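Visitor: Okay, structure incoming, though there's no sequence with it:
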Ligand code: NDP
Ligand code: GDR
């Protein structure tokens with residue numbers, strides 16, 4: 001029997017890498033679209049890379065871009081996948097205020113390009129389509145918790161672009177009978193999370209500070225509240241959404257929320273560090289109260305290791321997001337398996353391991369440079 005084929009846009013990203021692993025385990029032939037860059041950008045998928053010269057590879061990469069319709073059409077025509085996962089996006093909310101037009105081109109029109117290519121090739125009845133929709137659609141929340149029926153109110157160029165992508169996916173389902181669905185996923189994180197999203201920024205910076213490689217972690221709005229899950233759990237739901245009898249849109253969330261400040265405290269505790277908050281607003285600081293164990297040898301009582309930098313405030317903020325995953329629980333059997341404490345532990349372990357390696361190299365006179373956001 002022929003192998004099922006899946007095509008993933010955004011395969012080099014956090015979710016793309018977990019989804020590719022998951023689909024390979026399921027026996028799929030997995031095709032991924034990656035952008036050309038001046039450096040390798042495949043760090044997250046190098047461990048599953050297969051040399052195309054080897055016999056019968058099951059993981060294949062294609063150069064492409066969501067801004068390039070002819071390229072998308074050609075790849076789809078060559079691969080003829082049964083499932084397309086559109087995970088590619090300019091996915092950083094703050095950056096979307098700096099590059100709103102590009103964000104719209106990739107996140108909104110890119111989705112249309114992909115759907116039109118499927119239709120143009122006559123594949124709309126044979127190819128199922130997953131759109132990476134987002135809790136950012138709820139923005140200025142109209143109902144707590146947010147579910148599939150909660151009205152949208154996007155608060156950034158990113159969210160507005162994703163709103164278009166959401167509706168064009170629904171429209172292709174209704175207009176052409178295509179199996180196309182939206183996963184409205186709340187924030188999900190992992191050790192593979194991009195370094196400038198707040199969770200990874202926190203675990204990476206605190207690990208570096210604990211090892212004496214950085215001095216202070218600068219953050220924006222620490223009152224923001226998010227419903228954080230683990231990316232590995234969430235990609236399984238992306239696949240399940242494409243295995244139903246009928247295409248439907250689903251919220252995927254844990255149903256529990258925490259503030260950015262609470263995330264910082266939890267990560268610090270993983271390093272054996274207790275923090276006290278001093279000051280308010282842009283004067284707020286996280287000061288070390290005690291250090292236990294051997295994970296933070298560079299830290300001393302009274303040291304300030306967290307501070308606010310207003311440059312990280314957003315022109316319009318999404319203050320609070322909390323999902324209600326009841327529909328996914330009932331119809332997909334969704335149960336979040338990773339608690340926030342477990343998620344933070346895994347991320348801190350990973351970043352501490354890296355920080356210790358850097359610190360060791362530095363002690364032995366090697367130049368270690370890494371970017372600090
Ligand atoms: P990442 O930022 O980690 O990955 C984004 C991927 O999109 C990368 O592979 C990136 O390539 C690729 N990409 C960016 N621009 C283009 C382009 N012009 N053409 C083709 N590919 C492009 O995001 P995540 O993995 O975290 O998220 C996956 C998707 O899910 C995104 O669409 C995101 O908006 C959405 N989402 C994410 C949530 C989360 O909490 N993680 C929650 C809800 C939705 P490169 O590596 O070259 O930069
Ligand atoms: P978000 O994630 O905007 O929810 O989008 P991010 O981690 O960037 O921000 C979460 C909240 O933390 C606040 N914050 C900071 N954020 C960043 N990045 N850096 C900081 O220094 C900082 N300080 C405070 C933010 O203001 C915000 O309120 C993510 C992305 O993955 C999207 O692609 C996805 O659609 C949504 O999650 C669901």
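Guide: Arrived safely, thanks for sending. None of these values were measured; they are calculated from a predicted model. Ligands and ions are numbered 1, 2, ... in the order given.

Visitor: use CA for all of it now, contacts and neighbours both
Guide: Fine.

Visitor: how's the protein carved up into domains?
Guide: 5-185, 198-225+259-317+338-364 (the TED database).

Visitor: Please render those domains as CSV that adds mean neighbour count and distance to ligand 1 to the earlier fields.
Guide: Shown next, in CSV, are the domains of the chain (neighbours: other C-alpha atoms under 10 Å; distance: least, C-alpha to the nearest ligand atom, whole Å):
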stretch, mean neighbour count, distance to ligand 1
domain 5-185, 19, 3
domain 198-225+259-317+338-364, 18, 10
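
Visitor: With mean pLDDT and distance to ligand 2 added, can I get those in JSON lines?
Guide: Listed next are the domains of the chain as JSON lines, based on pLDDT from 0 to 100; distance: least, C-alpha to the nearest ligand atom, whole Å:
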{"stretch": "domain 5-185", "mean pLDDT": "97", "distance to ligand 2": "4"}
{"stretch": "domain 198-225+259-317+338-364", "mean pLDDT": "98", "distance to ligand 2": "3"}
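
Visitor: Identify whichever of those lies nearest to residue 332.
Guide: Nearest to residue 332 among these is domain 5-185 (12.0 Å), distances taken as C-alpha to C-alpha.

Visitor: ends of that closest one, how far apart?
Guide: 24 Å (C-alpha to C-alpha, to the nearest Å).

Visitor: Return the distance of it from the chain's centre.
Guide: Distance, stretch centre to chain centre, for domain 5-185: 12 Å (C-alpha atoms, centre = their mean, to the nearest Å).

Visitor: Could I get the domains of the chain in CSV, plus columns for distance to residue 330?
Guide: Output for the domains of the chain, formatted as CSV (distance: least, C-alpha to C-alpha, whole Å):
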stretch, distance to residue 330
domain 5-185, 13
domain 198-225+259-317+338-364, 19
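
Visitor: Among those domains, which comes closest to residue 240?
Guide: Between those, domain 5-185 lies closest to residue 240; by C-alpha to C-alpha that is 10.2 Å.

Visitor: Could I get the full set of helices for the chain?
Guide: In the chain, the helices defined using DSSP state H lie at 14-25, 69-79, 93-98, 100-103, 110-120, 157-176, 198-210, 231-241, 260-270, 326-332, 340-363.

Visitor: Isn't residue 127 up against residue 81?
Guide: Yes. Contact criterion C-alpha atoms under 8 Å: residue 127 and residue 81 qualify, at 6.4 Å.

Visitor: excluding its backbone neighbours, what's nearest residue 252?
Guide: residue 185 (4.8 Å; C-alpha to C-alpha, 6 or more residues apart in numbering).

Visitor: Does that neighbour touch residue 253 like I think?
Guide: Yes. Between residue 185 and residue 253 there is a contact under C-alpha under 8 Å: 6.4 Å.

Visitor: contacting residues for the residue lying closest to residue 276 once chain neighbours are set aside?
Guide: Spatial nearest neighbour of residue 276, chain neighbours left out: residue 287 (5.2 Å); criterion: C-alpha to C-alpha, 6+ apart. Listed by C-alpha atoms under 8 Å, 6 or more residues apart in numbering, the contact partners of residue 287 are 275-278, 301-306.

Visitor: so what's residue 287 bridging to?
Guide: Legend: beta-bridge partners of residue 287 under DSSP bridges are residue 276, residue 304.

Visitor: give me every residue that touches residue 268.
Guide: By C-alpha under 8 Å, 6+ apart, residue 268 lies in contact with 206, 274-275.

Visitor: same question but for residue 264, I mixed them up
Guide: 202-203.

Visitor: Distance check, it against residue 190.
Guide: Distance, residue 264 to residue 190, by C-alpha to C-alpha: 15 Å.

Visitor: Same question for residue 54.
Guide: In this view, residue 54 and residue 190 are 31 Å apart by C-alpha to C-alpha.

Visitor: quick revisit: which stretch among the helices of the chain comes nearest residue 293?
Guide: helix 260-270 (10.2 Å).

Visitor: how far off helix 198-210 does the closest one point, in degrees?
Guide: Orientation of helix 260-270 against helix 198-210 (axes from the mean of the first three to the mean of the last three C-alpha atoms, to 10 degrees) gives an angle of 40 degrees.

Visitor: Can you give me every residue that contacts the residue nearest to residue 355 when sequence neighbours are not counted?
Guide: Among residues not flanking residue 355 along the chain, residue 208 sits closest, at 5.3 Å (C-alpha to C-alpha, 6+ apart). By C-alpha under 8 Å, 6+ apart, the contact set of residue 208 is 214, 351-352, 355.

Visitor: Residue 130 now?
Guide: By C-alpha under 8 Å, 6+ apart, the residues touching residue 130 are 83-86, 180-183, 238, 241-242.

Visitor: Residue 141 now?
Guide: 152-153, 320-321.

Visitor: State the pair within those that is farthest apart.
Guide: Greatest spatial distance in those: 152 and 320, 13.8 Å, computed using C-alpha to C-alpha.

Visitor: For the residue nearest to residue 23 when sequence neighbours are not counted, name its beta-bridge partners.
Guide: Computed as C-alpha to C-alpha, 6+ apart, the closest residue to residue 23 that is not its neighbour in sequence is residue 30, at 7.0 Å. Judged by DSSP bridges, the bridge partners of residue 30 are residue 6, residue 59.

Visitor: With the one 4 residues further on instead?
Guide: Residue 34 has the following beta-bridge partners by DSSP bridges: residue 63.

Visitor: This completes my enquiry, with thanks.
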